[in-house]
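Trainee: Build me a model from this:
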Amino acid sequence: MRQMPTINKKSKINIGVIGLNNHAARIISILDNSINADCKYIYYPKNISHSENRITKKFSNLINHCEGIIIASPSGTHYKYLELLSEYKGYILVEKPIVASLIETKKIKKITLKRKKKIAVNYNFVHSPVAQSISSIIKNKKIGNPILLDIHSSHGLAFSRSYKLGWRANKNSYGVAGLVGVHYINLAINLFGRVMKSKITNLNVAKTGSSPDTTFIELIMPKKIRVHIWLSYAATFKYNISLYGDNGRYNYDGELETLNTPRDSFDNGGRYTNPPISYKNKIYHSDNWKIGLENSIENFISGVTCKTSFELSDYNISIESMMPLFKNK
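Mentor: Sure thing, here's the model as predicted:
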């Protein structure tokens, strides 16, 4: 979650992207609007009819002409591309998760320290305004000592035709836990430290693929802080993050952030009552994710431009974020 240094360079850097559609398309759009970088090449190995002249099937174009490369392909391909880039001297941003199996995790742990410092993993949620609010609240003890972080995110994607035919429905993706849940596991580790104990319960509610579309994640963090995460691609839309402390609570409902404190708030009869709102901020769920992704991409661009080493701790946390999934498979 460390901010990268300010860029002081007149010319734009060249970035290559591995991937074309969905999340890769969002990243390409951010690069196209960046004042500090150009999307030079888009590597896409499949045969397609497309007017985009930056698309290439030559992987060497990325290596030879780009100072940074973003791996935004399906998670099952990440390790393959990291291997192909083993001699690459530039910087790499890997879309989360960095790899898709415990075996691959053991292999990337052996990457040299020098190379690790040039690899970042795109856990963009920790760069979002909401995540930054939560981090600040904990750091400044606005709600006292944290007790529980409770997260719920759901919508009906699993009932769509695109989900059934896409790679997300494949069991190798670890389902909604691997696609969304790791963002919040990563957040929890950044906020509280290493996961001490975990339990994951997966369900396939829609039965439109071989991958779990619903998951319940329970984490125990240092100081016995609990993290409860409920995610589903097979329910109505709802988004909510609540952080409970011993002197207040924070809540974000997808539209509004509120902070209620202090604990000792009473009504006229001397009974405990809802603490007053000491802070509120309006930000829509879609905007929060968009800003988080933009911040993450711009931080990567800044690191490439200024030739800054990425934090080794961030690399290690990106690996730790997948461990509950591997252990509970």
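
Trainee: from here on, contacts and neighbour counts on C-alpha atoms
Mentor: Noted.

Trainee: so who does the residue nearest to the spatial centre of the chain touch?
Mentor: By C-alpha atoms, centre = their mean, the chain has its centre lying nearest to residue 123, at 2.8 Å. For residue 123, the contacting residues are 95-97, 183, 186, 296, 318, taking C-alpha atoms under 8 Å, 6 or more residues apart in numbering as the criterion.

Trainee: So which of those residues are in helices?
Mentor: Filtering the contacts of residue 123 for membership in helices, criterion DSSP state H, returns 183, 186, 296, 318.

Trainee: picking that back up, roughly how far does the residue nearest to the centre of the chain sit from residue 149?
Mentor: For residue 123, the distance to residue 149 under the criterion C-alpha to C-alpha, to the nearest Å works out to 18 Å.

Trainee: Equivalent analysis for residue 66, please.
Mentor: Counting by C-alpha to C-alpha - residue 66 and residue 149 are separated by 40 Å.

Trainee: With residue 109 instead?
Mentor: 29 Å.

Trainee: Of those two, which one has the most company?
Mentor: Remark: of residue 109 and residue 149, residue 149 carries more neighbours, 22 against 13, as counted by other C-alpha atoms under 10 Å.

Trainee: ok but the more buried one is inside a helix, no?
Mentor: No. Using DSSP: H, G, I helix; E, B strand; the rest coil, the assignment for residue 149 is strand, not a helix.

Trainee: That one and residue 244 touch, don't they?
Mentor: Yes. At 6.4 Å, residue 149 and residue 244 qualify as touching, with contact defined as C-alpha atoms under 8 Å.

Trainee: Quick check, pLDDT for the spatially most distant residue from the centre of the chain.
Mentor: Ranked by distance from the centre of the chain (C-alpha atoms, centre = their mean), the top residue is residue 269, with 46.1 Å. According to the per-residue confidence, residue 269 scores 95 in pLDDT.

Trainee: Looks like residue 79 contacts residue 103 (just checking).
Mentor: No. Under the criterion of C-alpha under 8 Å, residue 79 lies out of contact with residue 103, with a separation of 10.4 Å.

Trainee: where along the stretch 51-200 of the chain do the strands fall?
Mentor: Taking DSSP state E, counting those that start in this stretch as the criterion, the stretch 51-200 of the chain contains strands spanning 55-56, 68-71, 91-95, 119-122, 146-154, 197-203.

Trainee: Save those strands as JSON lines, and put in mean pLDDT and distance to residue 230 too.
Mentor: Formatted as JSON lines, the strands of the stretch 51-200 of the chain follow (pLDDT from 0 to 100; distance: least, C-alpha to C-alpha, whole Å):
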{"stretch": "strand 55-56", "mean pLDDT": "94", "distance to residue 230": "38"}
{"stretch": "strand 68-71", "mean pLDDT": "98", "distance to residue 230": "28"}
{"stretch": "strand 91-95", "mean pLDDT": "97", "distance to residue 230": "22"}
{"stretch": "strand 119-122", "mean pLDDT": "97", "distance to residue 230": "22"}
{"stretch": "strand 146-154", "mean pLDDT": "98", "distance to residue 230": "5"}
{"stretch": "strand 197-203", "mean pLDDT": "96", "distance to residue 230": "10"}
